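Engineer: Got a predicted structure plus its sequence, pasted below:
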Amino acid sequence: MKLGILINEGPYQHQASDTALQYVKAAIKKGHEIYRVFFYNDGVNNATKLSSPPQDDRNITKEWSMLAKDHGIDLVVCVAAAQRRGILDKDEAKRNGKDADNLEEGFRISGLGQLVEAGIQSDRLITFGD
Amino acid sequence: MSMLHTVNKSPFENSTVLSCISLCSKNSSILFIEDAVISVMKSTKFTDVINNSLKDFKIYALKPDLEARGLSLDNVIEGVKVVGYEEFVDLTTEHDSVQSWL
């Protein structure tokens, strides 16, 4: 089955990012296709490569990035939510006159249309949030 | 049309567990995850509500979240099914849609 995932909460906040991550891993293991993971609202904070948790703690951003690399999952970050929270790729940093960018590898920045499309194209859309 | 409802906050914290139970239609399923897993414990003020709703709904609780909170599986209300992440995935695909109570 095609599954779409919406994440509305940042990492290390409550548990939504962790639950979503474990859910996606289990779904892949069961042979389902993850059509897209869409990061919205504070969920965009999952995409910063500047996140540096202690070594003995889980690195949620890296885990998403690895999943994207290993299984070709489309990780999309909402552009408007990202700009408000200082999550920028190279192009967005340049466009906004900033001297740094921080989008982790495997994530891409795009618009809400991508969430709508995931809702239409996926068999199920599952929301994880606060 | 079957719907899976997921609830992730404790009923001691806010009212989503009670709202979910009062609003979801018969033959729906409810999966308690994260802080909501405490809802399925015996001997709380919510035990009667859960026991009553077991007549109308299937109720599930996520095992890793019970364990992470030190909640003993022996104290889970009879009739509530304890599931892992893979069964969580099965529940989402077996139902026609998923409603996350946030």
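Structural biologist: In hand now; what should we look at?
Engineer: Check chain A for its longest helix and report it.
Structural biologist: helix A:16-29 (DSSP state H).
Engineer: got the buried residues for the following helix or strand past that helix?
Structural biologist: Per DSSP states H and E, the first helix or strand lying C-terminal to helix A:16-29 is strand A:33-39. Neighbour-count burial for strand A:33-39, counted by 16 or more other CB atoms under 10 Å in any protein chain shown, picks out A:Ile34, A:Tyr35, A:Arg36, A:Val37, A:Phe38, A:Phe39. For the C-beta atoms, the positions are set from N, CA and C on the backbone; glycine is no exception.
Engineer: Likewise for stretch A:40-59?
Structural biologist: Those would be A:Tyr40, A:Asn41, A:Asp42, A:Gly43, A:Val44, A:Asn45, A:Asn46, A:Ala47, A:Thr48, A:Lys49, A:Ser51, for stretch A:40-59 by 16+ other CB under 10 Å.
Engineer: right, and out of those, which lies closest to chain B?
Structural biologist: Distances from chain B to the buried residues of stretch A:40-59, taken as CB to the nearest CB, are shortest for A:Asn41 (10.6 Å).
Engineer: pretty sure the closest one is touching A:Ala16, no?
Structural biologist: No. At 10.6 Å, A:Asn41 does not count as touching A:Ala16 under the criterion of CB atoms under 8 Å.
Engineer: got the residues of chain B near chain A?
Structural biologist: Residues of chain B found near chain A (CB under 8 Å from any CB of the partner chain) are B:6, B:8, B:33-35, B:64-65, B:84-86, B:88-90, B:92-93, B:97-98, B:100, B:102.
Engineer: Using PDB, write down the CA coordinates of stretch A:108-126.
Structural biologist: What follows is stretch A:108-126, C-alpha atoms only, in PDB (Å, rounded to 0.1, in the frame of the first residue of the first chain):
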ATOM      1  CA  ARG A 108      13.900  18.900   0.000                       C
ATOM      2  CA  ILE A 109      12.000  22.200   0.400                       C
ATOM      3  CA  SER A 110       8.700  22.600  -1.400                       C
ATOM      4  CA  GLY A 111       5.200  23.800  -0.900                       C
ATOM      5  CA  LEU A 112       1.900  22.700   0.600                       C
ATOM      6  CA  GLY A 113       0.800  21.300  -2.900                       C
ATOM      7  CA  GLN A 114       3.100  18.400  -2.100                       C
ATOM      8  CA  LEU A 115       1.000  17.500   1.000                       C
ATOM      9  CA  VAL A 116      -2.200  17.700  -1.100                       C
ATOM     10  CA  GLU A 117      -0.600  15.500  -3.700                       C
ATOM     11  CA  ALA A 118       0.500  13.000  -1.100                       C
ATOM     12  CA  GLY A 119      -3.100  12.900   0.200                       C
ATOM     13  CA  ILE A 120      -4.400  12.200  -3.200                       C
ATOM     14  CA  GLN A 121      -1.800   9.700  -4.400                       C
ATOM     15  CA  SER A 122      -1.400   7.700  -1.100                       C
ATOM     16  CA  ASP A 123      -3.900   5.000   0.000                       C
ATOM     17  CA  ARG A 124      -3.600   6.400   3.600                       C
ATOM     18  CA  LEU A 125      -2.400   9.600   5.100                       C
ATOM     19  CA  ILE A 126      -1.200   9.300   8.700                       C
END
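Engineer: Give me the average confidence score over that stretch.
Structural biologist: If you average the pLDDT over stretch A:108-126, you get 98.
Engineer: Same check on stretch B:51-63?
Structural biologist: On average, stretch B:51-63 scores 96.
Engineer: All set now, cheers.
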